[in-house]
Structure formats: structure tokens, C-alpha cells
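S.K.: Got a predicted model here, sequence first, then my questions.
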Amino acid sequence: MLAQVRKEYEMLRIEFEQNLAANEQTGPINREMRHLITSLQNHNQQLKGEVHRYKRKYKDTNTELTKLKKDIEELQSKLPASQCSLQDSKESLLECKEEETSSNGDTYKVKEESCIKKEPSEDEIELTCISQFEVTEEGGDKEKAGGSPSIKKEGGTPGPGGVVVKKEVKKEPVAHREQHRAKDVKPAESELVRDLKAQLKKTVNEQKEMKLLLDMYKGVSKEQRDKVQLMAAEKKLRADNEELRQQLKKESKREERKKMADEDAMRKIKHLEEQHYLMQKQVATHKQEEEALLNEMEVTGQAFEDMQEQNSRLIQQLREKDDANFKLMSERIKSNQLHKLSREEKEALKEQVSTLTTQVEATNIVVRKLEEKERILQNSLATVEKELAVRQQALEMHKRKAIESAQSAADLKLHLEKYHAQMKEAQQVVAEKTSALEAEAYKTKRLQEEIAQLRRKTERMKKIELAGTLDEVMMEEIREYKETLTCPSCKVKRKDAVLSKCFHVFCYDCLKTRYETRQRKCPKCNAAFGANDYHRLYLGS
């Protein structure tokens with residue numbers, strides 16, 4: 001059972017080591033492939049984002065191009081209208097001057113004002129135009145009283161962004177000869193009002209479109225620099241248009257400077273034509289950029305598809321390699337197992353053969369030894385038989401000696417018992433004598449102490465006799481008493497402890513230190529003492 005368990009354990013250990021080695025080999029490859037796959041996925045996501053960005057840019061540029069085309073067409077349509085309005089204003093001014101020279105009759109005044117502000121509604125524009133178009137006869141009566149006829153006309157083309165257009169027509173009809181002409185002027189004025197209404201509607205629509213354009217430009221991100229350039233160009237064009245309109249108004253007011261105004265208008269027109277040419281160039285460049293962006297989008301799309309195909313191919317190759325590695329690992333494990341089993345069987349057979357050969361050799365050696373032993377035993381048998389005869393003779397002799405020794409041993413036992421009894425008696429006598437000697441030694445010690453005390457007393461008495469005064473004697477006695485009270489071991493502390501073995505008195509600290517330092521003997525008589533043999537001594541009253 002143990003051998004099978006060991007074999008299974010070894011097989012599992014080998015499999016585990018092989019799996020570890022295979023994982024160590026395939027680990028870096030798998031990491032590299034995962035890293036490649038993640039990097040390719042990130043690159044694909046970036047390419048997708050760029051494609052979406054380019055699509056948005058393409059759409060935005062298309063919308064901007066359409067708007068710019070519309071703006072250019074509107075500007076081109078407005079240029080001839082402004083030129084026509086200039087010519088009309090010039091003709092009307094000439095007619096008014098001719099009428100002023102010829103007319104002396106009643107006058108009537110016609111006022112027409114049309115104001116265009118930022119983002120008005122169409123209904124409000126119509127109401128303002130109708131209310132401002134009035135025929136004031138009272139003004140005509142006042143002008144009759146004044147005598148001097150006056151015709152005033154201020155005209156201007158309507159423009160976006162809150163440009164105010166005012167037209168005042170003051171006309172004094174001639175006498176009865178020009179009544180038919182006044183009747184013809186009324187339908188012309190109604191046609192003028194209609195034209196002005198149409199122009200107002202157009203300008204309102206243009207304002208709305210321009211506001212939408214401004215909102216679109218405000219919402220655009222900072223990255224689109226081309227759009228910003230286009231917006232700047234548009235702003236310049238608008239500023240130029242406003243300048244032209246202001247100059248046209250000034251030209252209508254300034255009757256004397258007609259030629260200079262015409263020259264300025266022609267210059268502005270040339271400038272606008274140049275700007276139009278530049279805008280067309282910008283449109284062409286934008287188209288080229290769009291084509292380049294489309295080509296880049298196609299190239300990036302193709303590269304994205306190629307990368308996806310390459311990723312799929314690499315993933316397929318990885319899977320195939322993993323499958324092949326797993327198959328090779330399984331085959332290798334099986335072959336290793338078979339090889340190990342065959343090796344173990346071979347080793348077991350070798351061990352069996354070696355054991356059998358050793359057993360055969362051992363049996364041969366044993367047989368040889370047994371044969372030699374047989375020979376030795378046969379020789380020894382002869383010698384033993386001879387020795388037996390000799391020993392039997394010796395046995396008989398020893399038996400005799402044993403009987404004699406037994407008798408002598410019995411005698412010796414009796415003598416031993418006697419000696420033991422004598423020894424016991426001697427030990428008792430020795431113990432009695434030792435106890436007596438100890439008692440006598442104790443008595444001698446006491447006597448010696450008494451003799452020492454008596455000697456001290458005699459010395460004290462001698463000192464008293466020799467001393468002159470009583471105080472000295474008393475001081476000497478006090479000193480002696482203090483010496484007797486101080487510990488003879490440390491000679492510092494008072495006596496406050498007694499040894500119960502020998503009854504010598506010392507200080508408690510000295511006895512305690514002697515006990516702790518294992519010097520457990522009396523300092524005077526060297527009598528041994530234990531932990532319970534020294535006690536406190538209280539000398540107080």
C-alpha cells in the first residue's frame with residue numbers, strides 16, 4: 001500500500017512539475033499575445049473614433065459649403081439691385097430738381113419710412129410700412145403759406161443686422177397741367193411700397209439665416225480652424241457690405257458728389273469681386289481637403305479591416321498553438337509515466353536479482369562455515385571428552401574442598417556476629433562521649449565569654465580608678481555600651497536579630513545578606529544556621 005501511495009505521489013508531483021514548466025514556457029508567449037491583442041484593440045478603437053470625427057468634419061464642411069454658396073449667390077443678387085437703386089435715386093433727384101424749378105402751386109407731402117430692426121416679425125413690418133406711408137395735406141398747406149416748395153427723398157437699400165431704411169418723398173404738384181402726372185405717380189408709389197415690403201421680407205429671412213449661421217459658428221469646436229477662417233472672411237464681407245450701404249446712403253444725401261460716389265462704388269464692387277474670387281479659391285481648397293480626408297478615411301478603413309483580419313489570424317494561430325501544446329503536453333506526460341513505470345519495474349527486478357545473489361552467496365558462506373564448525377566440533381568433542389575425565393576428577397576434589405569451606409564459613413559467621421555486637425556497643429559509647437564533649441565545649445565557650453565580660457569589667461574598674469572625673473567614666477561606659485549594642489559584623493547598625501542555634505546577636509541585614517550569599521554560618525562561632533534560625537530582637541523598653 002505504501003509503495004502504491006508513493007508511486008501515485010511521485011506521479012502527481014511529476015505531472016505538477018511538468019505543468020509548471022509548460023506554464024512557464026507558454027506564460028510569456030500568452031502575455032505577449034494578450035498585450036498585442038489589447039494594443040490592436042486600442043488602435044482599432046482610436047481608428048474608429050478618427051473615422052467618426054472625419055465623417056462629422058465632412059458633414060460640417062458640406063453644410064458650410066452649401067451655406068457659403070447661398071451667401072455668395074445672395075450677395076451676387078444684391079449687387080445689381082444696389083446698383084439699380086443708386087441709378088433710381090439719381091434719376092429721382094434730377095426729376096425733383098426739375099419739378100422745383102417749374103412748380104409754383106399747391107404742394108403735398110408724402111412720407112414713407114420703413115425701419116428694419118433686429119428680428120422683427122413680418123406682420124409688424126407690414127403695419128409699420130402702412131402706418132408710415134401717409135399723405136399729410138396739412139404739411140402741404142403750411143408749405144403753401146411758407147411759399148418755398150421742398151421735395152426731400154432719402155433712400156437706402158435694406159440690409160441685415162438692423163440697418164434702417166428711410167425714404168421721404170416730398171412732392172409739390174404743378175398746377176392743373178400736372179394733375180394727370182400726380183395720378184400716374186400714385187400707382188407708382190403703391191408699387192414702390194410693395195417692392196419695399198418684399199425687400200423687407202427678404203431682409204428678415206436673411207437676418208434669420210445669418211442668426212442661424214452665427215449660432216452654428218458659436219457651437220463649433222475650437223479645433224476646426226478652417227471654419228474660423230471662413231467666419232472671419234464672412235465677417236469681413238459683411239463689414240464691407242455695410243460700408244457699401246452706408247456709402248450709398250451718403251451718396252444719396254450728397255447730391256453734389258455724384259462722381260466721387262460712383263467711383264467709390266465701382267472700387268467697392270471690384271473689391272467685392274476680388275473677395276468673391278478669393279472665396280471661390282477657398283471653396284476649391286476646401287473641396288481638395290474634403291477629397292484628401294475621404295482618401296484618408298478610405299485608407300484608415302482599409303488599414304482597420306487589415307488589422308482586424310490580422311487579429312483574427314493571430315487569434316486563430318494562438319488557439320492552434322495552444323491546442324498543439326496541450327496535445328504535446330498530454331503525450332509527453334503519458335510517455336513520462338510509461339518510462340517511469342518501466343524504469344521502476346527494471347529497478348525492482350534488479351533489486352530482486354541482487355537480493356537473490358546475496359542470499360545465494362550468504363547460504364554458500366553459511367554452508368562453508370557449518371562444514372568448518374563440524375570439523376572443529378569433532379576435534380573439540382575429542383578434547384572435551386578428555387577434559388571431562390579431568391574435570392570429573394577435579395570435581396570430586398572441589399566437592400571435598402567445598403565441604404571443608406562450608407564448615408569454615410559457619411565458624412566465621414559466628415565470629416562476625418560477635419564482632420557486630422561489639423561494634424554496636426562501641427558506637428553507643430562513642431556517641432555518649434561526643435555528646436558529653438559537646439556539652440563541655442559549650443560550657444567552656446560560655447565560661448570563656450563570662451571570663452571576657454569579667455575582664456572588661458575589671459578593665460573598666462581600672463579605668464574608673466585611673467580616670468579623674470565621673471563624666472569621663474560615664475562617656476567611656478556609654479562608648480562601651482554602644483560598642484556592645486552595635487553589630488560586630490558590619491560595626492554600623494544596631495543589634496536587632498539573634499541566632500537560635502548559638503544565641504549570638506547581630507543586625508538583621510547582616511544575617512539576611514549572609515543567608516542570601518550562602519555564607520550560612522555564625523560570624524563568631526561558625527555555627528551553621530538556616531532560614532528559620534534567625535529572628536528579630538527588640539531591645540526597646
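M.R.: Good, I have the coordinates.

S.K.: drop to CA atoms for contacts and neighbour counts, all remaining ones
M.R.: Fine.

S.K.: in stretch 18-26, what's buried?
M.R.: Residues of stretch 18-26 classed as buried: Gln18 (neighbour count, 16 or more other C-alpha atoms under 10 Å).

S.K.: before we move on, what about stretch 293-308?
M.R.: Within stretch 293-308, judged by 16+ other C-alpha under 10 Å, the buried ones are Leu293, Leu294, Met297, Thr300, Gly301, Phe304, Met307.

S.K.: Residues contacting that stretch, please?
M.R.: For stretch 293-308, contacts defined as C-alpha atoms under 8 Å, 6 or more residues apart in numbering pick out Leu40, Asn44, Leu47, Val51, Tyr54, Tyr58.

S.K.: Please, where are all the strands along the protein?
M.R.: Residue ranges of the strands in the chain, as given by DSSP state E, are 108-114, 134-136, 165-171, 497-499, 505-506, 534-536.

S.K.: partner strands of the fourth one, parallel or antiparallel?
M.R.: Counting by DSSP bridges, the strands paired with strand 497-499 are strand 505-506 (antiparallel), strand 534-536 (antiparallel).

S.K.: so where's the stretch 101-250 of the chain shaky on pLDDT?
M.R.: Low-confidence segments of the stretch 101-250 of the chain (pLDDT under 70): 101-190, 192, 213-230.

S.K.: Counting neighbours, what do you get for Asp533?
M.R.: 13 (other C-alpha atoms under 10 Å).

S.K.: for it, phi and psi?
M.R.: phi -100, psi 0 (degrees, to the nearest 10).

S.K.: pretty sure it contacts Cys502?
M.R.: No: contact between Asp533 and Cys502 fails when scored by C-alpha atoms under 8 Å: they sit 9.5 Å apart.

S.K.: Could you name every residue contacting both of those two?
M.R.: Contacts common to Asp533 and Cys502, judged by C-alpha under 8 Å, 6+ apart, are absent.

S.K.: Pull out the buried residues from stretch 316-333.
M.R.: Buried residues in stretch 316-333 (16+ other C-alpha under 10 Å): Met329, Ile333.

S.K.: any idea how far it is from the chain center?
M.R.: 38 Å (C-alpha atoms, centre = their mean, to the nearest Å).

S.K.: can you give me the helices in the protein?
M.R.: Using DSSP state H, the helices of the chain run over 2-102, 122-132, 137-146, 179-219, 225-253, 258-466, 470-485, 508-516.

S.K.: Identify whichever of these lies nearest to Leu537.
M.R.: helix 508-516 (8.8 Å; C-alpha to C-alpha).

S.K.: that older thread, can I get the strands paired with strand 497-499 in JSON lines with distance to Cys487, mean pLDDT and mean neighbour count?
M.R.: JSON lines is the format used below for those (distance: least, C-alpha to C-alpha, whole Å; pLDDT from 0 to 100; neighbours: other C-alpha atoms under 10 Å):
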{"stretch": "strand 505-506", "distance to Cys487": "5", "mean pLDDT": "93", "mean neighbour count": "26"}
{"stretch": "strand 534-536", "distance to Cys487": "13", "mean pLDDT": "91", "mean neighbour count": "17"}
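
S.K.: In contact with the residue of the chain positioned farthest from its centre, which residues?
M.R.: What lies farthest from the middle of the chain is Arg400; by C-alpha atoms, centre = their mean that is 110.3 Å. Applying C-alpha under 8 Å, 6+ apart to Arg400 gives no contacts.

S.K.: quick one: it and Val390, what's the gap?
M.R.: 16 Å (C-alpha to C-alpha, to the nearest Å).

S.K.: cool, Thr513 as well?
M.R.: 78 Å.

S.K.: Check Asn532 too.
M.R.: In terms of C-alpha to C-alpha, Asn532 sits 74 Å off from Val390.

S.K.: neighbour count winner among those two?
M.R.: Taking neighbours as other C-alpha under 10 Å, Asn532 and Val390 compare with Val390 leading, 11 against 8.

S.K.: distance of the more buried one from Ala402?
M.R.: Relative to Ala402, and taking C-alpha to C-alpha, Val390 is found at 18 Å.

S.K.: same deal with Lys495?
M.R.: Distance of Lys495 to Ala402, given as C-alpha to C-alpha: 75 Å.
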